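Chemist: take a look and give me a structure for this.
(2 chains)
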Amino acid sequence: MSDFYAGEKINRRLIVDWVPEGARVLDVGCGSGELLAELAAEKNTRGWGVDNSVGALRECIVKGIPALYHDVDTGLGQFHDRQFDMVITVVSLQQFHRPLRVLTEMLRIGKECILVFPNFGHWCNRLYLMRQGRMPVSSELPYQWHDTPNIHFFTVGDFYDTCAELNIDVLAAELVTAGGAPCRFLGGWRSALAYFKLRRR
Amino acid sequence: MSGELGRITPSVFRHAGAFELHGGLLPDGFEMVYETYGALSPQGDNALLICHALSGSHHAAGLDDEGKPGWWDALIGPGKAIDTDRFFVVSPNNLGSCFGSTGPGSANPATGAPWGADFPELSVRDWVRSQALLSEHLGIERWAGIVGGSLGGMQVMQWLIDHPQAARMGVVIAATLRLSAQNIAFNKIAADAIRRDLEGGEGGLALARMLGHVSYMSADYLHQRFGREQLRHVDAGADGSRTAEALTPEFQVNSYLDHQGQSFSKRFNPHTYLLLLNMLNRFELSPDQFDRIQADLLVVSFSTDWRFSPERSREIARALVAADKPVSYVEIECEKGHDSFLFAEPDYAGCVRAFLQAPRAGT
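Modeler: Next comes the predicted model:
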């Protein structure tokens, strides 16, 4: 699924560092399985991908990465509470029809979660919308409003509010610029991608 | 493309010792017919075992002596999903069947006459045990993989549970942990039809096959293939009147079913059919048995399969994840219903090929 977001290059290093050695991992919207392959190689994890594209699953399977066909919008009810040490979703949450349901389900089946999402509050988007009066279109967001798979855009600020409302503990957060540099200040304006490590309170 | 493997000559494995089945003893052992395709590697680590479905046989690929391609020729062959350039593929005919392996048509050593209805009840575990003897005979210590669809897929799971070390990979296609009430109901109708044959009637085995055939296909596929086409069009007479024939048209689908039913009753043993229906009905795996499995798995279902629907396969995949097993699950869009597993739909063939050729820990 993450292939639909033609966005910034994901810094997998950041994610790998947050995953404990030997963890049982579920990657929701796993795409072609690169993250799971890296986690297995570096952290000796036991992992499964979930995706609704058979093409993506085949890419996982050919690498020897276990992957499951599933439409995540129907929930994650097939997994039991705290079944995984870490549930990860990388630039997929904004593509689900019911993102909060997916998020709460992830926090139910995972002891911890890692969420990576594009920050729609990036200053370029704010400026584009203000000046053009049109939804931002860029190399990172090449879609028109009607054909974008990214149907629930939110900002870093929105996400902090959501965590407060849903009693989600933010264990760690990294805001990163389009160039991949960490944002030391004005992260809500300057970050293109947000990396959050979460737990249900 | 079919039959690239050319003419295949089946082999026979004879097990001389008494062999206990679920419902009784084969005192003189058994014979098992099998075909092989490709070559066993010097290390003996590239052998794949094929498990056939209810009416299948050992003739899975290549051409038999009548020039007919095997039932899985679309998937097994050089460069195909089950690639015989890479794997040594072994395809046995299950015990109790009627294509050469010991079954109800074989002679009962006590009487010298065919076993018929006296052939002992069978279980999938018996098949696994008998095939384990075949593995030994072929010198295969560990299968690279065990692959099967429908009842064959159920057999794959039983193999991996009963002999956890026996295979590195398992491919379970269009299968289920247990039959549903609907499945059992269909089987009852088939069994009743066949019993009428055995009580002196006729056409029962053909009826059973027709019923099976309809349930193996989706409504859309059946309609797509046959629609409302008729074989004979009897035009209305000049005065507009219609003959009796015109009033009872011969639909293409009916003639297809007649043909399937008749050809099946010529080649299949009614006692075998009853034996296998019974065995299917009794088959049941509980998810906690999956703890024993040591193989990597691929589970495949087809969107329009209403016999063993995708939910049945999801159940298998879910239980395997819960048991911490490296399992992949794919749901393939295919209009052909349960029978989809016989065709090389590209997504399906591609995933099977990808799985069998993927790098794996310890290989």
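
Chemist: which intervals of the chain have sub-threshold pLDDT?
Modeler: Using chain A. Applying pLDDT under 70 to chain A picks out residues A:1-8.

Chemist: you looked at the wrong chain, it should be chain B
Modeler: For chain B, applying pLDDT under 70 flags the ranges B:1, B:232-249, B:361-363.

Chemist: in the longest helix along it, which residues are buried?
Modeler: Using DSSP state H, we find that the single longest helix of chain B is helix B:181-198. Within helix B:181-198, the residues scored as buried using 16 or more other Cβ atoms under 10 Å in any protein chain shown are B:183, B:186-187, B:190-191, B:193-194, B:197. In this view, the C-beta of every residue, glycine as well, is placed from N, C-alpha and C.

Chemist: do stretch A:69-84 as well
Modeler: A:69-70, A:72, A:76, A:78-79, A:83-84.

Chemist: can you give me the offset of it from its chain's centre?
Modeler: 16 Å (Cα atoms, centre = their mean, to the nearest Å).

Chemist: residues touching it, excluding its own?
Modeler: A:23-26, A:28-29, A:50-52, A:54, A:57, A:92, A:96-98, A:101-102, A:105-106, A:108-111, B:314, B:318, B:321-322, B:329-331 (Cβ atoms under 8 Å, 6 or more residues apart in numbering or on different chains).

Chemist: returning to what we had before: please identify which of the buried residues of helix B:181-198 is nearest to chain A.
Modeler: B:N183 (22.1 Å; Cβ to the nearest Cβ).

Chemist: and what about the closest residue to that closest one other than its chain neighbours, helix, strand or coil?
Modeler: Among residues not flanking B:N183 along the chain, B:R307 sits closest, at 6.8 Å (Cβ to Cβ, 6 or more residues apart in numbering or on different chains). Following DSSP: H, G, I helix; E, B strand; the rest coil, B:R307 is assigned to coil.

Chemist: residues in contact with B:R307?
Modeler: Here B:R307 is in contact with B:150, B:174, B:183, B:215-216, B:337-338 (Cβ under 8 Å, 6+ apart).

Chemist: where along chain A do the strands fall?
Modeler: Counting by DSSP state E, chain A has these strands, from start to end: A:24-28, A:46-51, A:67-69, A:84-90, A:110-118, A:168-176, A:193-200.

Chemist: which positions in chain A make contact with chain B?
Modeler: Proximity of chain A to chain B, by Cβ under 8 Å from any Cβ of the partner chain, involves residues A:24, A:46, A:48, A:54-55, A:57-58, A:60-64, A:66-70, A:78-80, A:83.

Chemist: tell me, how many residues neighbour B:D65?
Modeler: Residues near B:D65, counting by other Cβ atoms under 10 Å in any protein chain shown, number 10.

Chemist: what sits against it?
Modeler: B:7, B:9.

Chemist: doesn't it belong to a helix?
Modeler: No - assessed with three-state DSSP, B:D65 is coil; it does not lie in a helix.

Chemist: relative to B:R7, how far out is it?
Modeler: 7 Å (Cβ to Cβ, to the nearest Å).

Chemist: also B:A185?
Modeler: Here the criterion is Cβ to Cβ. By it, B:A185 lies 42 Å from B:R7.

Chemist: which residue is the nearest non-sequential neighbour of residue 167?
Modeler: Since no chain was named, I'll use chain A. A:N167's closest residue in space is A:R201 (Cβ to Cβ, 6+ apart), at 4.2 Å.

Chemist: hmm, I had chain B in mind actually
Modeler: Nearest one to B:A167, counting by Cβ to Cβ, 6+ apart, is B:W143 at 4.1 Å.

Chemist: next, give phi and psi for the one you found.
Modeler: Phi and psi for B:W143, reported as degrees, to the nearest 10, are phi -70, psi 140.

Chemist: wait, it sits on B:R168?
Modeler: Yes - with contact defined as Cβ atoms under 8 Å, B:W143 and B:R168 form a contacting pair (7.3 Å).

Chemist: neighbour count: these two, which is higher?
Modeler: B:W143 (25 against 18).

Chemist: now do the buried residues in stretch A:130-143.
Modeler: For stretch A:130-143, burial by neighbour count (16+ other Cβ under 10 Å) applies to A:136, A:140-141, A:143.

Chemist: sorry, wrong one. I was asking about stretch B:155-167.
Modeler: So for stretch B:155-167, counting by 16+ other Cβ under 10 Å, buried means B:155-161, B:163, B:166-167.

Chemist: got the contact list for that stretch?
Modeler: B:49, B:51, B:94, B:124-125, B:127-129, B:131-132, B:135, B:142-148, B:170-172, B:175, B:177, B:285, B:289-290, B:292-295, B:297, B:316.

Chemist: quick check: residues of chain B near chain A?
Modeler: Residues of chain B lying near chain A (Cβ under 8 Å from any Cβ): B:296, B:298, B:314, B:317-318, B:321-322, B:324, B:326-333, B:347, B:350-351, B:354-355, B:357-361.

Chemist: so which of those residues sit within helices?
Modeler: Per DSSP H, the residues of chain B next to chain A map to helices at B:314, B:317-318, B:321-322, B:347, B:350-351, B:354-355, B:357.

Chemist: now the residue lying farthest from the centre of chain A: how far from A:C124?
Modeler: Most distant residue from the mean C-alpha position of chain A: A:R131, 29.1 Å away (Cα atoms, centre = their mean). To A:C124, A:R131 is 11 Å away according to Cβ to Cβ.

Chemist: check B:G149 too.
Modeler: 52 Å.

Chemist: go on, B:T111?
Modeler: Computed with Cβ to Cβ, the distance linking B:T111 and A:C124 is 88 Å.

Chemist: any chance you could map the helices in the stretch 151-300 of chain B?
Modeler: Here the stretch 151-300 of chain B has its helices, by DSSP state H, counting those that start in this stretch, at B:151-162, B:181-198, B:204-216, B:219-226, B:244-247, B:252-267, B:270-282.

Chemist: could I get those helices in TSV, plus columns for distance to A:W18?
Modeler: As requested, the helices of the stretch 151-300 of chain B are exported to TSV (distance: least, Cβ to Cβ, whole Å):
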stretch	distance to A:W18
helix B:151-162	34
helix B:181-198	46
helix B:204-216	48
helix B:219-226	47
helix B:244-247	75
helix B:252-267	58
helix B:270-282	48
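
Chemist: so which of those is nearest A:A173?
Modeler: Distance to A:A173, taken as Cβ to Cβ, is lowest for helix B:151-162 among those, at 43.3 Å.

Chemist: what subset of the residues of chain B next to chain A is buried?
Modeler: B:296, B:298, B:314, B:317-318, B:321-322, B:326-332, B:347, B:350-351, B:354-355, B:358.

Chemist: any idea how far stretch B:200-218 is from the middle of the chain?
Modeler: For stretch B:200-218, the distance to the chain centre is 16 Å (Cα atoms, centre = their mean).

Chemist: again, but for stretch B:79-90
Modeler: 19 Å.

Chemist: would you mark the buried spots in that stretch?
Modeler: In stretch B:79-90, counting by 16+ other Cβ under 10 Å, buried: B:80-84, B:86-90.

Chemist: and stretch A:57-71, by the same measure?
Modeler: Within stretch A:57-71, judged by 16+ other Cβ under 10 Å, the buried ones are A:57-70.

Chemist: which one is residue 190 nearest to, not counting chain neighbours?
Modeler: Using chain A. In space, and not counting its chain neighbours, A:R190 is closest to A:C183: 4.8 Å by Cβ to Cβ, 6+ apart.

Chemist: try again with chain B
Modeler: B:A208 (3.7 Å).
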